[in-house]
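Visitor: Here is my input, please return the structure:
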Amino acid sequence: MTQNPAAALAALPRLSRADGTPVRVLVVEDEPTIADLLRFPLQMIGWDATICADGLEAVRAAREIRPDVLVLDRMLPGIDGVEVLRRIRAFLPEVPSLLLTAMDAPQDRIGGLAAGADDYVTKPFAMEEVLLRLHRLVQRSGITSQAAHELIVGDLVMNLDTHEVTRGGDPVALTATQYQLLQYLMENPQRVLSKAQILDAVWNYDFGGQANIVELYISYLRKRIDAGREPMIHTVRGAGYVLKPA
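Guide: Numbering: from 1, shown residues only. Have a look, this model is predicted:
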C-alpha cells in the first residue's frame, strides 16, 4: 500500500453532496493501520469519513449517518463485509460499495460482485487506486455536485466563476493574461508544457521570435504564486514548464 498519495489527491476533482455538505463515507475495517491509512486521504479530499471496526457496529452507524458510499473489508469479526452490505442495502438500497479483501482468487472477486458490491480491490492496494475508484462510484451515484467551477492543484485554488485565486488560503492578484496562463497550467498539472503549447493556448497565435514572452509571464507568475513558498512552477530544461503541488 502506498502511504503518500499526495499526487493523486491533487489531481482528483473536488466533490460534495448536492447540498454542499461533505461526501459521507463509511469505512468498515478491523485493522487499525489500514483504517488510518484510509481515513487520512479521505479527509484530505474533504470527505467525512466514519470508521467502524466490526460489522454490527457498521450497520448501526449506517442507520445513523446515512453514508453516500461504503468501503468494506471482506473479512470482519462478527459478520463479514458481504453480510454488512446486505443489511445496509436493506435500508439504503442505492448506496455504492467498494470491497477490500486479501482474497484475490477469481471466485472470491466474482462472489463479492455477485453479492452486490459495485467494485472490488485486493490487498495490498495502492491508495491512489482506492481513491479514484471511490470517486467514480460517488460520481456515478448522482448524489454529488462536482465543483466544476474550481481548479485545485495542491493548496492553489482557482475559482473559474469569480476569477479569484488563492494559495494556502491567501489571495493572489493576477492580471488577465497571468490568470489565463495560470489556468492553462492548472488544467494540466504535472504535465510538461512547451513554450509553443503555452503560446498557442494563452496567446492563440505563434509569436515567432517572441517566445521569450512565455519566460516573462512565467517569471511574473512565480512572483505571485511561489514567492516566499515552496515552488510549484518548475522549469524543465529544454522542454518547458510544469506546475506541481508543493
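Visitor: which stretches of the protein form strands?
Guide: Here the chain has its strands, by DSSP state E, at 15-17, 24-28, 48-52, 69-73, 97-101, 119-122, 144-146, 150-153, 156-159, 165-167, 170-171, 233-236, 240-243.
Visitor: now the first one: mean pLDDT?
Guide: This points to strand 15-17. The average pLDDT for strand 15-17 rounds to 78.
Visitor: again, but for the shortest one
Guide: Confidence over strand 170-171, taken as the mean pLDDT, stands at 92.
Visitor: elements contacting that strand?
Guide: Strand 170-171 sits against no helix or strand, with contacts defined as 3 or more C-beta pairs under 8 Å, 6 or more residues apart in numbering; DSSP states H and E. C-beta here means a position set from N, CA and C on the backbone, and glycine is covered the same way.
Visitor: now that strand, how far from the centre of its chain.
Guide: 22 Å (C-alpha atoms, centre = their mean, to the nearest Å).
Visitor: contacting residues around that strand?
Guide: If you take C-beta atoms under 8 Å, 6 or more residues apart in numbering as the criterion, strand 170-171 is touched by 164-165.
Visitor: neighbouring strands for that strand, and are they parallel or not?
Guide: Each strand that pairs with strand 170-171, with its direction, by DSSP bridges: strand 165-167 (antiparallel).
Visitor: same question, the fifth one
Guide: Paired strands of strand 97-101, with direction, are strand 69-73 (parallel), strand 119-122 (parallel) (DSSP bridges).
Visitor: partners of Pro171 in the sheet?
Guide: Bridge pairing for Pro171 - DSSP bridges - gives Thr166.
Visitor: mind checking how far it is from Glu164?
Guide: The gap separating Pro171 from Glu164 is 7 Å, by C-beta to C-beta, to the nearest Å.
Visitor: same question, Asp170
Guide: Distance check for Asp170 against Glu164: by C-beta to C-beta, it reads 11 Å.
Visitor: Looking at the two, which has the bigger crowd around it?
Guide: With neighbours defined as other C-beta atoms under 10 Å, Asp170 and Glu164 compare such that Glu164 has more, 15 against 9.
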